[in-house]
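Enquirer: no FASTA, just this:
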């Protein structure tokens, strides 16, 4: 089949890789360039946080997340970056005054899925063994099976792969306003535009995300780490060359403007309290973007005449994309 994909962000790229494996010819359309500088997938930390998201998510997110984790290594191998995957578990901790909230968080996970029984309570000695740089924390939990995909490497490597594939034509910086009209030109059309499809999907909204990229040679955290905070859950995701992505879970807003002074101060103060080595970190960049979400915060797949829409992956993009695409193609 000759298939069109409109919107080549994270979901569009995962979809394209799957369709090429099935022998189809693709034409891609995106208002951005091929390297997706404006895409939500480029701003993401790429966490595969199966359990950490479960407190406020439906169990279907957990099941689809397990499936995605099983699929990610094949996708990364397809584009030549097998080493952009890490699954060494994650750490979640809190300040002493918030230990009761931390315990409640873990109890909630154990109530929702039996696999959460594998979560390990860490004392100071066990914390030092897993993450020496966090040894000053007196209490934490180790969550196995979680990890990360290097989101920015995936976006670049997938762009290179698709641009050089003989069965792909990519129309960069080309906005398509009438996706339905493409069904007259192609055997099938996929709309994976995220917020670009708002006029077609009732209740689709943007959820703002804000992240800092820090270079912190004095910090040696090796796995994704979260800290419960009175207002939000802060995450620290390590990347090569002493770099870390620092962010919080979400802000209910479609505002795409730069980060506010208040958000910056709160986020950076919180991460400094997590590890004093961040005091001398250099701020490489600050990124904001909006993720597409529906009223139930669950992904949606809809089928029309020669047209499939995939949307609403919320803040679970990297955790869900491979499994959702697999379902859409089943």
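Expert: Received, thanks. All values reported here derive from a predicted model rather than from experimental measurement.
Enquirer: State the pLDDT value of residue 161.
Expert: Confidence at residue 161, expressed as pLDDT, is 98.
Enquirer: The one 10 residues further on now?
Expert: Per-residue confidence at residue 171 stands at 97 (pLDDT).
Enquirer: tell me the contacts of it?
Expert: 27-30 (Cβ atoms under 8 Å, 6 or more residues apart in numbering). Just so you know, the C-beta spots here come from the backbone N, C-alpha and C atoms, and that holds for glycine as well.
Enquirer: remind me which residues of the stretch 101-250 of the chain are low pLDDT?
Expert: Along the stretch 101-250 of the chain, segments meeting pLDDT under 70 span 249-250.
Enquirer: can you pull out the strands in it?
Expert: 120-122, 140-143, 147-149, 168-171, 188-191, 205-215, 225-228, 233-239, 243-248 (DSSP state E, counting those that start in this stretch).
Enquirer: Is it possible to get CSV of the ones you listed that adds distance to residue 277?
Expert: Compiled in CSV, those are given as follows (distance: least, Cβ to Cβ, whole Å):
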stretch, distance to residue 277
strand 120-122, 20
strand 140-143, 17
strand 147-149, 20
strand 168-171, 42
strand 188-191, 45
strand 205-215, 10
strand 225-228, 13
strand 233-239, 11
strand 243-248, 10
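Enquirer: Quick one: closest of the ones you listed to residue 113.
Expert: In terms of Cβ to Cβ, the element of those nearest to residue 113 is strand 140-143, at 11.8 Å.
Enquirer: nearest to residue 326, of the contacts of residue 171?
Expert: residue 28 (19.5 Å).
Enquirer: okay, how far is it across stretch 217-234, tip to tip?
Expert: With Cα to Cα, to the nearest Å as the measure, stretch 217-234 spans 20 Å from end to end.
Enquirer: closest to residue 301 out of the strands of the stretch 101-250 of the chain?
Expert: Closest to residue 301 of those, according to Cβ to Cβ: strand 188-191, at 10.1 Å.
Enquirer: Return the distance of the closest one from the chain's centre.
Expert: 23 Å (Cα atoms, centre = their mean, to the nearest Å).
Enquirer: List the contacts of that strand.
Expert: Contacts for strand 188-191 (Cβ under 8 Å, 6+ apart): 1, 3-7, 12, 15, 179, 182-183, 197, 200, 306-311, 328.
Enquirer: Now list the buried members of those residues.
Expert: 3-7, 12, 15, 179, 182, 197, 200, 307-311, 328 (16 or more other Cβ atoms under 10 Å).
Enquirer: Please list the members of the residues you listed that lie in helices.
Expert: Using DSSP state H, the members of the buried ones among the contacts of strand 188-191 that fall within helices are 12, 15, 328.
Enquirer: With distance to residue 214 as added columns, please give the residues you listed in JSON lines.
Expert: Listed next are these as JSON lines, based on distance: Cβ to Cβ, whole Å:
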{"residue": "12", "distance to residue 214": "29"}
{"residue": "15", "distance to residue 214": "32"}
{"residue": "328", "distance to residue 214": "36"}
